[in-house]
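>>> Output the structure for:
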Amino acid sequence: MNSTDASHSDALVFFGITGDLAHKKIFPALQAMVKRGTL
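Residues are numbered from 1 along each chain as shown. Below is the predicted model of the structure:
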């Protein structure tokens, strides 16, 4: 099997994202990455 035959998958795992930091920094940063097409 070469690299064109293999399926591509990624995973992001976040632990402890119920706090204030996640809502103020992490979620907006992830949304910005989605808008830019980098995520």
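>>> center of the protein, which residue is that?
The structure's the chain has its C-alpha centroid closest to Leu12; by Cα atoms, centre = their mean the separation is 5.2 Å.
>>> Next, that residue: secondary structure please.
Using DSSP: H, G, I helix; E, B strand; the rest coil, the structure places Leu12 in coil.
>>> Look up how far Gly16 lies from the spatially closest residue to Met33 that is not a sequence neighbour.
What sits nearest to Met33 in space, not counting adjacent residues and going by Cβ to Cβ, 6 or more residues apart in numbering, is Leu39, at 3.8 Å. From N, CA and C alone the C-beta is placed, and that goes for glycine too. Separation of Leu39 from Gly16 (Cβ to Cβ, to the nearest Å) stands at 20 Å.
>>> higher neighbour count, those two?
Between Leu39 and Gly16, counted using other Cβ atoms under 10 Å, the more crowded position is Leu39 (12 against 7).
>>> Pretty sure that one sits against Asp10.
No - at 9.2 Å, Leu39 and Asp10 do not qualify as touching, with contact defined as Cβ atoms under 8 Å.
>>> show me where pLDDT drops low in the chain?
Along the chain, the model assigns pLDDT under 70 to residues 1-6.
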